[in-house]
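Chemist: Quick one: sequence and predicted model below, then my questions.
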There are 2 protein chains.
Amino acid sequence: MTMAGTRWLDADEQRAWRVFVAATELLADALDRQLQSEAGMTHAAYVVLVILSEAPDRAMRMSELARATNSSQSRLSHVVARHEERGWVRRERCPTDRRGQIAVLTDAGFDVLAAAAPGHVDTVRRLVFDGLSPIQVEQLGAISEAFLAVLDPDGRLSAVLGGRAAPLV
Amino acid sequence: MTMAGTRWLDADEQRAWRVFVAATELLADALDRQLQSEAGMTHAAYVVLVILSEAPDRAMRMSELARATNSSQSRLSHVVARHEERGWVRRERCPTDRRGQIAVLTDAGFDVLAAAAPGHVDTVRRLVFDGLSPIQVEQLGAISEAFLAVLDPDGRLSAVLGGRAAPLV
DNA sequence: AGCATATCGATGCTCGCGCAAACAACTTCC
DNA sequence: GGAAGTTGTTTGCGCGAGCATCGATATGCT
């Protein structure tokens, strides 16, 4: 599906690209390991708890939660199933649409999140923000937005990202 | 292990962080899907071929290859095993250290890489560089370096990243 | 030389997750 | 009011990869 005349990356692009890929991989791995060892869950699983904790009544429909956490429905289903087994999340049927399920963060789940959050935020600060100037933070935001413009043209996550700052990232 | 007084993220940091996480996840997924569908392999598997193709004699020791591809030894072992089954890579015993293995890119492997590269580079260009100004590319490089400084303080991948630009990213 | 220790690499087991299929409930249109 | 199609969610299966372990070699110390 590709034309013959490929525009290869020039030296600067090459280097930026490889460094970027390496850095993001290492970062994702580091976050996963930190959360796995200190909180017994994946980053994806953690994010689900965070988003739920910020929702009204700490409850959200599965499909909405999937979009908000930038997760496939399949993955969310798996994650919530595991969370439910641990008693951190409960599922309720949706009254207005009987196909729907509503994921509700339990008190136990909230406590687990509250216990895990400080360690996680410290890690993010140490690995990310401590090494960046405020200007770079702004640049990183702008660059990430540019990525999102291409990767998520319909802006499915704008809702969450537009929300005001809450604790427990 | 965490102090009581956690320094939470402020609103700007929050937003930058969430956008960044979402963008990098979407990006990694998009790359994986593109390579999986057009070349039948993971991004990690693709990178192994790229690095091997740039090495002298298209050969490299497993441990060195693991560092260069930013991969755990376990993962590399799995990936190379799959590559070997497909005839894209061959393993040879290392003459100077009899524990060592040398992974060698076969001609068939090189051809597969050459066939896959244009589609991949086009995707990277479309998803990443087309949406960024040259200044942002530079900023992204600098930010990623800052991450690496923390995540990889011993600079284990400097070798590869310092190398001159080669084709077939 | 001889033993402790470190390094290289592969492997077994497990887990997270993507994909496709399945099922249920809603919607449309006739 | 149904048939046909659409959407919300779960599930079975397979694969990629992490962790711990193991066998084999290499190195260091005495």
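Modeler: Yes, it's here.

Chemist: who's in contact with the host helix or strand of A:E84?
Modeler: For A:E84, the host element (DSSP states H and E) is helix A:73-85. Under the contact criterion CB atoms under 8 Å, 6 or more residues apart in numbering or on different chains, helix A:73-85 has outside partners A:42, A:44-45, A:48-49, A:62-63, A:65-66, A:69, A:71, A:89-91, A:103, A:109. All C-beta spots, glycine's among them, are computed from the backbone N, C-alpha and C.

Chemist: now those residues: which count as buried?
Modeler: A:42, A:44-45, A:48-49, A:62, A:65-66, A:69, A:71, A:89-90, A:103, A:109 (16 or more other CB atoms under 10 Å in any protein chain shown).

Chemist: Looking at those residues, which are in strands?
Modeler: In this view, these that belong to strands under DSSP state E are A:V89, A:R90, A:A103.

Chemist: Which residues are in contact with the residue in chain A that DNA strand D sits nearest to?
Modeler: Among residues of chain A, the one nearest DNA strand D by CB to the nearest atom of the strand turns out to be A:S63. It sits 2.7 Å away. If a contact means CB under 8 Å, 6+ apart, then A:S63 has A:Q73, A:G100 as its contacts.

Chemist: what separates it from A:Q73, distance-wise?
Modeler: Relative to A:Q73, A:S63 is positioned 7 Å away (CB to CB, to the nearest Å).

Chemist: Might you report the residue contacts of A:I51?
Modeler: A:I51 sits next to A:M60, A:L65, A:A68, A:T69, A:V160 when contact means CB under 8 Å, 6+ apart.

Chemist: Report whether the one helix or strand A:R15 maps to contacts DNA strand C.
Modeler: Secondary structure assignment for A:R15, by DSSP H and E: helix A:11-39. No: with CB under 7 Å from any atom of the strand as the measure, helix A:11-39 is seen stopping short of DNA strand C, the closest distance being 8.0 Å.

Chemist: ok, now stretch A:61-80?
Modeler: Yes: applying CB under 7 Å from any atom of the strand, one finds stretch A:61-80 in contact with DNA strand C at A:S71, A:S72, A:S74, A:R75, A:H78, A:V79.

Chemist: give me every residue that touches the first one.
Modeler: Put plainly, it is A:S71. Taking CB under 8 Å, 6+ apart, we find A:S71 in contact with A:A44, A:V47, A:V48, A:L65, A:V79.

Chemist: where does it fall, phi/psi-wise?
Modeler: Per-residue torsions, A:S71: phi -120, psi 150 (degrees, to the nearest 10).

Chemist: which residues of chain A score low on pLDDT?
Modeler: Scanning chain A for pLDDT under 70 picks out A:1-4, A:158-169.

Chemist: need the residues of it near DNA strand D, please.
Modeler: For chain A, the contact set with DNA strand D under CB under 7 Å from any atom of the strand comprises A:29, A:33, A:36, A:61-64, A:66, A:73-74, A:76-78, A:80-81, A:91, A:94, A:97, A:99-102.

Chemist: try 6 Å this time
Modeler: Residues of chain A lying close to DNA strand D (CB under 6 Å from any atom of the strand) are A:33, A:61-63, A:73-74, A:77-78, A:80-81, A:91, A:94, A:99-101.

Chemist: Out of those residues, which end up buried?
Modeler: Buried members of these, counted by 16+ other CB under 10 Å: A:R61, A:M62, A:V80, A:Q101.

Chemist: which one of those is nearest A:R126?
Modeler: For A:R126, the nearest member of these is A:V80. The distance, counting by CB to CB, is 29.7 Å.

Chemist: so A:F110 makes contact with A:R58?
Modeler: Yes: under the criterion of CB atoms under 8 Å, A:F110 is in contact with A:R58, at a separation of 6.9 Å.

Chemist: Spit out the contact partners of the residue lying closest to A:D32 once chain neighbours are set aside.
Modeler: Sequence neighbours aside, A:H43 is the residue nearest to A:D32 in space, at 5.1 Å (criterion: CB to CB, 6 or more residues apart in numbering or on different chains). Contacts were defined as CB under 8 Å, 6+ apart; by that measure A:H43 touches A:A28, A:L31, A:D32, A:L35.

Chemist: try 7 Å this time
Modeler: Contact partners of A:H43, counting by CB atoms under 7 Å, 6 or more residues apart in numbering or on different chains, are A:L31, A:D32, A:L35.
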